[in-house]
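K.L.:
predicted model follows, preceded by the sequence.
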Amino acid sequence: MNGKVIPTGEALVSAMEPIYLGIFEGIKAYVEGDVLSEGKLNVFGWKQHVDRLFRSAEVDGLAMPYSKEELMRAVKDTIKANGYKRNTYIQPRVWPKAGRQEDSHVVVPTWGFETLLGRDNPLFGEERRFMVSSWRRLSSDALPPQAKSWANYANSALARREAVRCGYDNAVFLDRRGFVSESTGACLMTVRDGKVITPPVTASILESVTRGCFIEFIPDLGAPVEVRDITRVELYASDEAFLCGTGGECTPITSVDDIKFGDQYPGPITTKIAEYYSDILAGNVAKYRHWLTPV
Ligand code: PMP
């Protein structure tokens, strides 16, 4: 925090700090070789994440007191100090100091997480029932969804709470035009007739690092990717649907509004993508090793 490795219990600020005006990143480091084992860690998509962090700061007018290299050092030092040998989540946070907008607090918390990827992981095939939210995704003429600011998550929390209240696991947002946007904390991809389809950046989505990587690697599996608007009915008519994101990894979705996708769950293309992604994260695909930064 602010340049020092300290115990989490000592990472304290005043309750008067405007943390709600802050921005953050969600990044993961995975175990080399097999994401379900223990060992050496590599950070996935560091360059894309740190670039987005700086872009978010710029959009929201926040000062960034550290360089990208200093932040990487902080990530490595924090992971080393914790002695992590399993998959680790990293969430750099930046917010303006109370009464001193020209300076920011920067903290880099890290913690372990359970992946749903990896061979025979039982979490992968769990049922996940989604609904189309009655809340629309916030749009760039009000709050830019492309900046990863805490404020945007108030919109996500409304949709998620509504979904849980209605007996669902999570929600899919439509954008203000009525086209499919994203979920509450991850982007959405659908499969129709062997093609993977995902909404464009102009559909009020976060410019997801994972989505960018998926668009690049999915054609290796023989499935073309189309980036275009998806209507609500087209979503219902999909053969498969899944989330993609740092947190969401590659999460299969069973149904939306109780309309089930295809006749196999998880879908065959979703499963192939998740297996390939898991290999990429573990550093087993030479072509994409440049997405990994050793800790
Ligand atoms: N959309 C939203 C709203 C998110 O919170 C996230 C998670 N950061 C994503 C998409 C996925 O983005 P990324 O792949 O960069 O994690």
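P.N.:
Right, received. Where do you want to start? Note that the structure is predicted; figures quoted are calculated from it, not measured.
K.L.:
okay, the residue located most distally from the centre of the chain and Ile6: tell me how far apart.
P.N.:
Going by Cα atoms, centre = their mean, the residue of the chain most distant from its centre is Gly99, 31.4 Å out. Gly99 is 23 Å from Ile6, where distance means Cβ to Cβ, to the nearest Å. To be clear about C-beta, it is placed using only N, CA and C from the backbone, and glycine gets the same treatment.
K.L.:
near the ligand, which residues of the chain? Just list them.
P.N.:
Within the chain, the positions near the ligand by Cβ under 6 Å from any ligand atom are 26, 156, 182, 185-187, 206, 208-211, 245-247.
K.L.:
most widely separated two among those?
P.N.:
Ser156 and Val209 (17.4 Å; Cβ to Cβ).
K.L.:
more neighbours, the two?
P.N.:
Val209 (24 against 21; other Cβ atoms under 10 Å).
K.L.:
list the residues that contact the more buried one.
P.N.:
Contacts of Val209 were listed using Cβ atoms under 8 Å, 6 or more residues apart in numbering, and they are 45, 48-49, 52, 246.
K.L.:
does Ser208 touch Ser183 like I think?
P.N.:
No. Under the criterion of Cβ atoms under 8 Å, Ser208 makes no contact with Ser183, lying 10.7 Å away.
K.L.:
what score does Gln101 have for pLDDT?
P.N.:
pLDDT recorded at Gln101 is 85.
K.L.:
that's a helix at it, yeah?
P.N.:
No. Counting by DSSP: H, G, I helix; E, B strand; the rest coil, Gln101 falls outside a helix, being strand.
K.L.:
ok, it to Ala157 distance?
P.N.:
In terms of Cβ to Cβ, Gln101 sits 26 Å off from Ala157.
K.L.:
show me how the chain divides into domains.
P.N.:
According to automatic domain parsing, the chain comprises the domains 8-114, 129-281.
K.L.:
how close does Ser139 sit to Pro145?
P.N.:
7 Å.
K.L.:
next, show the common contact partners of the two.
P.N.:
Joint contacts of Ser139 and Pro145 (Cβ under 8 Å, 6+ apart) are Ser204.
K.L.:
these two: which is more packed in?
P.N.:
Ranked by neighbour count (other Cβ under 10 Å), Ser139 and Pro145 place Pro145 first, with 23 against 17.
K.L.:
follow-up on the earlier one: now, the contacts of Val209 that are in helices?
P.N.:
Cross-referencing these against helices under DSSP state H gives 48-49, 52.
K.L.:
ranges for the strands of the stretch 101-250 of the chain?
P.N.:
Here the stretch 101-250 of the chain has its strands, by DSSP state E, counting those that start in this stretch, at 110-112, 129-136, 170-174, 180-183, 187-192, 195-198, 225-227, 240-245, 249-252.
K.L.:
export those to TSV and tack on distance to Ala151, mean pLDDT and mean neighbour count?
P.N.:
Shown next, in TSV, are the strands of the stretch 101-250 of the chain (distance: least, Cβ to Cβ, whole Å; pLDDT from 0 to 100; neighbours: other Cβ atoms under 10 Å):
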stretch	distance to Ala151	mean pLDDT	mean neighbour count
strand 110-112	23	97	14
strand 129-136	15	98	19
strand 170-174	16	98	23
strand 180-183	16	98	26
strand 187-192	19	98	24
strand 195-198	25	99	21
strand 225-227	26	98	14
strand 240-245	19	98	26
strand 249-252	25	98	24
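K.L.:
want to throw those strands into a markdown table with distance to Gly33?
P.N.:
Shown next, in a markdown table, are those (distance: least, Cβ to Cβ, whole Å):
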| stretch | distance to Gly33 |
| --- | --- |
| strand 110-112 | 18 |
| strand 129-136 | 33 |
| strand 170-174 | 31 |
| strand 180-183 | 30 |
| strand 187-192 | 27 |
| strand 195-198 | 27 |
| strand 225-227 | 28 |
| strand 240-245 | 23 |
| strand 249-252 | 17 |
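K.L.:
and Gly267, which of the ones you listed is closest to it?
P.N.:
strand 240-245 (3.0 Å).
K.L.:
who does the closest one pair up with?
P.N.:
The sheet places strand 240-245 alongside strand 187-192 (antiparallel), strand 249-252 (antiparallel), with pairing taken from DSSP bridges.
K.L.:
going by proximity to the ligand, name the top residue of the stretch 1-150 of the chain.
P.N.:
Here the stretch 1-150 of the chain gets closest to the ligand at one residue, Gly26, 4.6 Å apart by Cβ to the nearest ligand atom.
K.L.:
thanks a lot, see you next time.
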